[in-house]
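Asker: Fold the stuff below for me.
(chains A and B)
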Number of protein chains: 2
Amino acid sequence: MDKLFIIKIGGNVIDDDVKRSSFAQSFAAISQKKILIHGGGKLATRLAEQLNVPQQMVDGRRITDAETLKIVTMVYAGSVNKELVALLQKDGCNALGLSGADGNVITAHKRVHPTTDYGFAGDIDNINTDLLHQFLQHGITPVLAPVTHDGKGQLLNTNADTIAQETAKAMSALYEVVLVYCFEKEGVLGGDGKVVPVIDRAAYKDLKENNTVSGGMIPKLDNAFEAIEKGVRAVIIGSAGQLNDLLNETAGTRIQ
Amino acid sequence: MDKLFIIKIGGNVIDDDVKRSSFAQSFAAISQKKILIHGGGKLATRLAEQLNVPQQMVDGRRITDAETLKIVTMVYAGSVNKELVALLQKDGCNALGLSGADGNVITAHKRVHPTTDYGFAGDIDNINTDLLHQFLQHGITPVLAPVTHDGKGQLLNTNADTIAQETAKAMSALYEVVLVYCFEKEGVLGGDGKVVPVIDRAAYKDLKENNTVSGGMIPKLDNAFEAIEKGVRAVIIGSAGQLNDLLNETAGTRIQ
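Answerer: This next block holds a predicted model:
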């Protein structure tokens, strides 16, 4: 099977012109097949402030009323997605931006939750692996914005980490997938404050037991191990500024 | 050659939920291959007002500074494009939204003008007919937002009528293209106030000489005849609410 890198970048890369441009160059230079997934939450929050649309977060998820849905659609699928695509085109990568509605690439349903109404927030039902495969076979690099649809005319705001995870699991049927989460830190830090290069199930148990990993890192790692159980070859966590080193396994934390 | 309908809709359809939904149903029902091009200028102007970004128009074209470019990218390639795509998906049309940067589908250069600096406004250099052809062959309907790129990392605001026209001319090498402009009126009105069903070169000369057509209709018709000289089979002008009748030639004005 061909190798496929599925790379997710967050707000710290998108918000900063220098980091974004540098990341785009590194990403474009990857010779293997690749898919990019981006967030943009901070920019959406900023636009909501400018438009006086109050924002409410519950457990790190945005409550998405109709006005907020329009804002995230404009920011994620509009400016963030198209600016990234234009940069990648400049760097010789034939990028093509997609929301989940485009080519029906990601369908989702409105989140059902016992106590919280998340509004137009979507939980993923299906990834159109055939369309993504067709693009990759034609030398086109999909760039996914975190907006999906329900197939009934409704767009839905969907977490970018989750899109990356579900896309990686689904594409594992066709490719040897390596899922890369770029975030603020250089990787998972061990007790000595240094990046732990590799974490397997046994090491993860130890790291949790001695409280070396805690808080927001635990769901990230739980999700990584779940992805691996579903066929993803490896999950790498590290800094977007070290993208090439992450892929060469000379930086970041590799979960396998 | 296969028939291809290239249909451009303007603000009066996009702004109105009922008209938009009804248009999407009619468009989705077209059994032949088709491409949709949309504007969104009124919505961009509204967002600019909300964000206190002054807008300036010269000869009907928007002066596009950096902030305005971000606004049009958010509105055209973000909310307007994705809401249309989601509606078309609901109606069974496998739509896929594209800015000119996506898949390098439309390249342009920053407009050079002797007296006016239009800012980030783009004049078209090339239409990627191969990519559009691939989509059409795979049953995918491209939905083009009026934002292009220069291949050097810069997005550019580009007139939707012009995108429709240039796409129609370029695709005429591969298809029997009918270009349809949907606007506020039911067609070109004759001296009796009724829609003129067909205008050829000779009829156009008469209509101009007796001042039946004037003002903004003249550049529209000049462009239509130019498209026909470049291989477009016919240009139809009429109301979006009569889309099926326009295509059946029982409404609107057909220029040939």
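Asker: What are the boundaries of the helices in the stretch 1-150 of chain A?
Answerer: A:11-14, A:17-28, A:41-50, A:66-72, A:81-90, A:129-137 (DSSP state H, counting those that start in this stretch).
Asker: and of those, who's closest to residue B:153?
Answerer: Nearest of the helices of the stretch 1-150 of chain A to residue B:153, taken as Cβ to Cβ: helix A:81-90 at 3.7 Å. Where you see a C-beta, it was placed from the backbone N, CA and C, and this is true even at glycine.
Asker: Contacts for that closest one next, please.
Answerer: A:14, A:20-21, A:24, A:27-28, A:36, A:38, A:95-97, A:99, A:141, A:143, A:145, B:73, B:77-78, B:99, B:101-102, B:104, B:147, B:149, B:151-155 (Cβ atoms under 8 Å, 6 or more residues apart in numbering or on different chains).
Asker: now stretch A:164-175: how far from the chain's centre is it?
Answerer: What separates the centre of stretch A:164-175 from the centre of its chain is 12 Å, taken as Cα atoms, centre = their mean, to the nearest Å.
Asker: avg pLDDT for it?
Answerer: What stretch A:164-175 shows for mean pLDDT is 98.
Asker: try stretch A:239-253
Answerer: pLDDT averaged over stretch A:239-253 gives 95.
Asker: any idea how far that stretch is from the chain center?
Answerer: 16 Å.
Asker: Look up how far chain B lies from the nearest residue to residue A:199 once chain neighbours are set aside.
Answerer: In this structure, residue A:199 finds its nearest non-sequential neighbour in residue A:255, 5.1 Å apart by Cβ to Cβ, 6 or more residues apart in numbering or on different chains. Residue A:255 sits 32 Å away from chain B, going by Cβ to the nearest Cβ, to the nearest Å.
Asker: Counting neighbours, what do you get for residue A:255?
Answerer: Using other Cβ atoms under 10 Å in any protein chain shown, the number of residues around residue A:255 comes to 26.
Asker: Cross-check the contact I'm expecting between it and residue A:223.
Answerer: No - using Cβ atoms under 8 Å, residue A:255 makes no contact with residue A:223, being 9.7 Å away.
Asker: burial of the residue of chain A found nearest chain B, as a residue count?
Answerer: The nearest approach of chain A to chain B comes at residue A:78, 2.2 Å away (Cβ to the nearest Cβ). Using other Cβ under 10 Å, residue A:78 has 33 other residues around it.
Asker: Let me know the pLDDT of the nearest residue to it once chain neighbours are set aside.
Answerer: Using Cβ to Cβ, 6+ apart and skipping the chain neighbours, the partner closest in space to residue A:78 is residue B:78 (2.2 Å). pLDDT recorded at residue B:78 is 98.
Asker: Tell me the spacing between residue B:78 and residue A:76.
Answerer: Going from residue B:78 to residue A:76 by Cβ to Cβ, to the nearest Å gives 8 Å.
Asker: now do residue A:209
Answerer: For residue A:209, the distance to residue A:76 - Cβ to Cβ - is 38 Å.
Asker: Likewise for residue A:128?
Answerer: Taking Cβ to Cβ, one finds residue A:128 at 19 Å from residue A:76.
Asker: More neighbours: the two, which one.
Answerer: residue A:76 (29 against 18).
Asker: start to end distance for stretch A:246-255?
Answerer: 12 Å (Cα to Cα, to the nearest Å).
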